[in-house]
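[1] A structural model of the following input is requested.
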Amino acid sequence: MSISERIVDDLVANEIAFVTTVPCKQLGGVIAECEARPEIHHVPSNKEDEGMGLCAGAWMGGKRPCIIMQNTALGVTVNTLVTLTQFYRMPLPMLISYRGELKEPVACQAEMAVHTKALLAQLHIPTYHFHRQSDAEELDAILKYTFMCNKPVAILTDATFWGGY
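    I've put the predicted structure just below:
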């Protein structure tokens with residue numbers, strides 16, 4: 001079983017029925033797996049904050065949501081995370097490719113990596129960093145936590161987790 005299949009299996013096991021994604025090379029396998037699963041309604045987004053709005057609509061409509069995105073656009077989501085997701089106590093697992101870390105081949109990605117964890121900490125969003133594929137064994141517990149606490153959580157997956165480029 002691939003790591004992408006394993007991740008999506010955990011989403012399905014936790015009754016996540018709506019997933020929105022913003023394209024990312026690292027997350028391509030997970031996005032394709034979400035698209036292939038009949039249990040998941042997959043809606044691609046143009047921007048991360050738009051995707052969070054779609055997730056809010058899904059949650060209000062009775063479906064458990066998840067957003068899959070890159071950390072490079074985390075900055076544009078701050079207002080949505082605070083005034084929508086956190087204010088209304090909406091659980092939102094965010095599977096985030098942590099671009100700019102070790103084995104990153106694109107130099108400009110490194111700048112946002114410097115700010116990602118600090119920004120999430122400032123917003124009081126619990127953050128988990130998957131560096132090795134074995135770290136994915138925690139995903140089920142993380143998903144249960146976000147829905148129990150009605151909080152957004154960030155799961156950062158770096159290039160080392162995905163096996164580099």
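
[2] CA atoms for contacts and neighbours, from now on please.
    Will do.

[3] what's near enough to touch the most centrally placed residue in the chain?
    Centroid check for the chain by Cα atoms, centre = their mean gives L95 as the closest residue, at 1.8 Å. For L95, the contact set (Cα atoms under 8 Å, 6 or more residues apart in numbering) comprises 66-69, 154-157.

[4] Need the pLDDT of the residue of the chain most remote from its centre.
    Residue farthest from the centre of the chain, counting by Cα atoms, centre = their mean, is A107 at 22.4 Å. Looking at A107, its pLDDT is 89.

[5] Which residue, neighbours along the chain excluded, lies closest to V82?
    L123 (7.5 Å; Cα to Cα, 6 or more residues apart in numbering).

[6] and the one you found, backbone torsions?
    Main-chain torsions, L123, degrees, to the nearest 10: phi -90, psi 0.

[7] you'd agree it is up against T80?
    No. Using Cα atoms under 8 Å as the test, L123 is too far from T80 to be in contact (11.4 Å).

[8] Look at these two and report which has more neighbours.
    T80 (18 against 13; other Cα atoms under 10 Å).

[9] If you tally nearby residues, what's the number for the nearest residue to that one once chain neighbours are set aside?
    Leaving aside its sequence neighbours, T80 sits nearest to D49 (Cα to Cα, 6+ apart; 6.2 Å). Neighbours of D49 under the rule other Cα under 10 Å: 20.

[10] before we move on, the earlier item: counting neighbours, which of the contacts of L95 comes out on top?
    C66 (28 neighbours).
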